[in-house]
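1. okay, predicted coordinates and the sequence, questions at the end:
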Amino acid sequence: METIQCIKTRRSIRSFTKKEVPDELLEKCIDAAQHAPFCGKRLSGVPTDYTPWEFIVVKDCAAKQKLASVRDETNKFFTEAPALIVVCVDKKYSDTRWVEDGSTAAQNLLLAAHALGLGGVWLCAYSNITPAIEKVTREVLNLPANIQPVVMVALGYSNEKPKPKKLRTNAVHYEKW
Amino acid sequence: METLECIKTRRSRRRYLNKPVSEETVNKLIDAAMHAPFGGPPIPLCQIWQFIVIRDAEIKKKLAFDYKDRQYIATAPVIIAVCAEASDEDEWKEEEVIGALAIENIILAAHSLGLGTCFVDVFPHNDKHKADKLAIRKALGVPDNIKVLALLPIGYPDPKESLENKQLRSAKEIVHYEKW
């Protein structure tokens, strides 16, 4: 799909068919994610093949249910989605910009998913949850201390037609606010 | 450009040709940004983004400071400052994620339109640069409830810019199934 068309026709999908998503397709989306920009490359001591991202793919129903506790009101599609992907960043080299590094990768992942005929939605920003909830995620996923979860997304085949979207028109300022 | 090809061939560009970028093109980039997800019902009220389009040389200079590694941003024909409405400047909230999703849309749309850009951060969560953060806010005249999230210098990329080879890790190294 053409890039700008992909950007404009992507919608958040919260209802999925029961069809499984092959790992190969998930890994294509993840490959797209790791082509996002990131900071930290220029720091001393960073390995040449360094990229900050790690991805945990969760398909197990019990694990999905436990992860759903991070957001009560969205429980249903957490567990209905064939796969949850938790986008993580290694804080060893990305301590001040992990939110941005994780989020730009998540958007690449969602756009790639749309281009490949999948639907998805981001469910949770770990920059905005309590330490207690983050602890649940860390336990379920067995994350080492330096691996920071940033965004969780759900992926699957869409089972909905979202309503048309209205965009705001007063968001641009010239030279100054 | 095809989406996956666009994602995979995008690189951060820091040298630009002396060729203007039209207002129409800038508007296309901002339209792409507005199509990012924002975590709410699909109505204008929930779209917390704001964009400042900067062409003025003096303001661009102020945004580059005296830092050697930032001077290139003043050489871009346009800088888009991506901002979001926020309640508290010091807290890490969802607006930083929502902002970055929109920023990635601009970066990809720019590449697909033949432009180059680079994600220039505004010293997030970096106490050493508190004064610089304030200087950026002052240069842009943003109100207190608005968080500046990134500066995106936009221009036609100089084909003579040398880019380091990009090395990515294999799926085996970065994808974990069910648990770490």
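-> Arrived safely.
2. in its sheet, what does the strand ranked longest in chain A sit against?
-> In chain A, taking DSSP state E as the definition, the longest strand is strand A:147-156. Sheet pairing for strand A:147-156, assigned by DSSP bridges, gives strand A:83-90 (antiparallel), strand A:119-125 (antiparallel).
3. now mean pLDDT, mean neighbour count and distance to B:D31 too, for the ones you listed, in TSV please.
-> The C-beta positions use only the backbone N, C-alpha and C, and glycine is treated the same way. Rendered in TSV, the data for the strands paired with strand A:147-156 read as follows (pLDDT from 0 to 100; neighbours: other CB atoms under 10 Å in any protein chain shown; distance: least, CB to CB, whole Å):
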stretch	mean pLDDT	mean neighbour count	distance to B:D31
strand A:83-90	96	26	26
strand A:119-125	90	25	21
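4. export these to CSV and tack on distance to B:L101?
-> Supplementary listing: these in CSV, determined by distance: least, CB to CB, whole Å:
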stretch, distance to B:L101
strand A:83-90, 12
strand A:119-125, 7
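5. mind checking the SS state of residue 135?
-> Since you didn't name a chain, this refers to chain A. Taking DSSP: H, G, I helix; E, B strand; the rest coil as the rule, one finds A:K135 in the helix state.
6. where does chain B have low pLDDT?
-> Under the criterion of pLDDT under 70, the regions of chain B flagged as low confidence span B:87-93.
7. now do the strands in it.
-> B:49-54, B:78-85, B:120-121, B:146-154, B:175-177.
8. pick out the residue closest to the middle of chain B.
-> When chain B is reduced to its mean C-alpha position, the closest residue under CA atoms, centre = their mean turns out to be B:L152, at 3.9 Å.
9. re earlier: and A:L25, which of the strands of chain B is closest to it?
-> Nearest to A:L25, of all those, is strand B:175-177, at 12.4 Å by CB to CB.
10. what pairs with that closest one, parallel or antiparallel?
-> As defined by DSSP bridges, the strand partners of strand B:175-177 come to strand A:53-58 (parallel).
11. tell me the buried residues in stretch A:49-57?
-> Across stretch A:49-57, burial judged by 16 or more other CB atoms under 10 Å in any protein chain shown covers A:50-57.
12. elements contacting the worst-scoring helix or strand of chain A on mean pLDDT?
-> Within chain A, confidence by mean pLDDT, DSSP states H and E is lowest for helix A:75-80 among all helices and strands, at a mean of 78. For helix A:75-80, the contact count by 3 or more CB pairs under 8 Å, 6 or more residues apart in numbering or on different chains; DSSP states H and E identifies helix A:61-68, strand A:119-125, strand A:147-156 as packing neighbours.
13. for the second one, give me every contacting residue.
-> What it means is strand A:119-125. The set of residues that contact strand A:119-125 without belonging to it, under CB atoms under 8 Å, 6 or more residues apart in numbering or on different chains, is A:11-14, A:16, A:70-71, A:74, A:77-78, A:84, A:99, A:103, A:106, A:109-110, A:113-114, A:150-158, A:160, B:37, B:39, B:94, B:96-98, B:101.
14. and the angle for it with helix A:61-68?
-> Interaxial angle of strand A:119-125 relative to helix A:61-68 (axes from the mean of the first three to the mean of the last three CA atoms, to 10 degrees): 50 degrees.
15. buried ones in stretch A:56-65?
-> A:56-59, A:63-64.
16. okay, now the unreliable bits of chain A?
-> Scanning chain A with the threshold set as pLDDT under 70 gives A:40-44, A:71-75.
17. and stretch A:96-113, how far out from the chain's middle?
-> When distances are taken as CA atoms, centre = their mean, to the nearest Å, stretch A:96-113 is centred 6 Å away from the chain's centroid.
18. quick one: is stretch B:40-60 near chain A?
-> Yes - applying CB under 8 Å from any CB of the partner chain, one finds stretch B:40-60 touching chain A at B:42-45, B:47, B:49-56, B:59.
19. my guess is B:I106 meets B:I30, correct?
-> Yes - because the distance of 7.4 Å satisfies CB atoms under 8 Å, B:I106 is recorded as touching B:I30.
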